[in-house]
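[1] sequence plus predicted model, see below.
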Amino acid sequence: MFQKKINLLNLSLFISFTSLQIIAADLIEGQSGEIIPIPAPQDKNEDQLTFKTSSGIKQLISLPFVKQDLMITRHHLDVKVNWVNFGESRITITDSSKVTLSDADQARANKEAIEIKAALKNSTNEITPSFNFIPPVPGRITSPFGKQRFINGLPRSAHLALDLSGAIGTPIVAPLKGKVVLVGDYFYTGLTVILDHGYGLFSSYAHMSEIQAQLGDLLEQSDQIGKVGSTGRVTGPHLHWTVYFDGNKVNPESLIQEDFLNSIL
C-alpha cells in the first residue's frame, strides 16, 4: 500500500511537470519592435495575410516598443514582449525654436501628425508584401531603432526608426513594392514620402532634399523615391526611415536581413 501511494505521488508529480512544460511551450514571445509569426485564427478575414508553413497556417504580428517586459494581447493571443536595451542617443540642435516650439509651430506639428496618422489608417490588399526589403540607401546606420533620445539634454521619445547616412542628393529607392499614399513637407520630418506595401505594412522616408514620386504612384522595388537631404528638424543630411506594420513602428534593421520572411516563419 505504501509503495502504491509513492507511485501515485510520482505519477501526479510527472503529470504536473508535464503540464508546466506544455504551458511553457505554448508561450508566445518576441522582442520589442519586432515582427513575429503566430498561429492564424480559424475564422481569419480577408484583411489578414497568412502563410502556409510546415507547422500550420501562420499570421504575422508586430510587437510594440516597450520599456520593460510586458504581456499583451495581439489579435487573438496573449504574447510576451521582451524588453531590449537599445541604448541612448544624445544630440544637440542649435536652433532652439526646433526644440521648444512656438504655439504656431506646435499647432502645425499637431495638424501634420493627424495627417500622417490618416495616411496610415487604411492599407491596400491589392499588394501582397514579400517582407524581404532591400536598403533604401547604401549608407551605414548612424542611429539604430529604439535608442532613448536626449535632445539638448532633455529626454524625448525613443528613436523608433533607422537613420542611414548619405550625402545630399544620394538616391533613395523603394525597398519593397508599394503605393505612394503621402507626399508632404512637414515641420519635424521635412520632405516626406509614405509608401503602402499592403496588408498594414507601410514605410516612411524623411528629411529628403527632393521628392521624385507622386501621390498614387505604384513603385516597384528599387524604383527611385527621391534624394537624401536635411529638411525638417535635423543635425545633418541623412535618411530617417520608419517602418510600420500591424499598427506599430517596427525595427527596419531586421527587415533588411537576408531572407527575413523565411527566417521567422
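    Yep, it's here. Residues are numbered from 1 along each chain as shown.

[2] could you use CA atoms for every contact and neighbour count after this?
    Noted.

[3] show me the strands in the stretch 151-265 of the chain, by range?
    Taking DSSP state E, counting those that start in this stretch, the strands of the stretch 151-265 of the chain run over residues 154-155, 162-165, 171-173, 178-186, 190-198, 201-208, 210-211, 218-219, 224-227, 238-245, 248-250.

[4] with distance to Val81, mean neighbour count and mean pLDDT added, can I get these in a markdown table?
    What follows is the strands of the stretch 151-265 of the chain, written out as a markdown table (distance: least, CA to CA, whole Å; neighbours: other CA atoms under 10 Å; pLDDT from 0 to 100):
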| stretch | distance to Val81 | mean neighbour count | mean pLDDT |
| --- | --- | --- | --- |
| strand 154-155 | 23 | 12 | 75 |
| strand 162-165 | 21 | 21 | 97 |
| strand 171-173 | 32 | 22 | 98 |
| strand 178-186 | 29 | 21 | 98 |
| strand 190-198 | 25 | 25 | 98 |
| strand 201-208 | 20 | 26 | 98 |
| strand 210-211 | 37 | 19 | 98 |
| strand 218-219 | 34 | 20 | 98 |
| strand 224-227 | 34 | 22 | 98 |
| strand 238-245 | 16 | 24 | 98 |
| strand 248-250 | 13 | 23 | 98 |
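
[5] of all these, which one comes closest to Pro41?
    Closest approach to Pro41 among the strands of the stretch 151-265 of the chain is made by strand 238-245 (18.6 Å; CA to CA).

[6] can I see the domain layout of the protein?
    The chain breaks down by automatic domain parsing into domains covering 2-82, 88-264.

[7] pick the most deeply packed of those.
    Each of these was given a mean neighbour count from mean count of other CA atoms under 10 Å, and the largest, a mean of 18, is that of domain 88-264.

[8] for stretch 160-174, C-alpha coordinates in CSV please.
    Extracted C-alpha coordinates of stretch 160-174, given in CSV (Å, rounded to 0.1, in the frame of the first residue of the first chain):
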residue,chain,number,x,y,z
LEU,A,160,11.6,54.3,-33.5
ALA,A,161,13.2,54.5,-36.9
LEU,A,162,16.5,53.8,-38.6
ASP,A,163,18.9,56.7,-39.6
LEU,A,164,21.0,55.9,-42.6
SER,A,165,24.0,58.1,-43.7
GLY,A,166,24.0,59.8,-47.1
ALA,A,167,25.2,62.9,-48.7
ILE,A,168,22.6,65.4,-50.0
GLY,A,169,21.4,64.1,-53.4
THR,A,170,22.0,60.4,-52.7
PRO,A,171,19.2,58.5,-54.4
ILE,A,172,16.6,56.8,-52.2
VAL,A,173,14.9,53.7,-53.7
ALA,A,174,11.8,51.8,-52.7
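
[9] distance of the closest residue to Glu253 other than its chain neighbours from Ile28?
    Leaving aside its chain neighbours, Glu253 sits nearest to Leu162 (7.2 Å; criterion: CA to CA, 6 or more residues apart in numbering). Relative to Ile28, Leu162 is positioned 26 Å away (criterion: CA to CA, to the nearest Å).

[10] now swap in His197 and tell me
    Where Ile28 is concerned, His197 sits at a distance of 26 Å (CA to CA).
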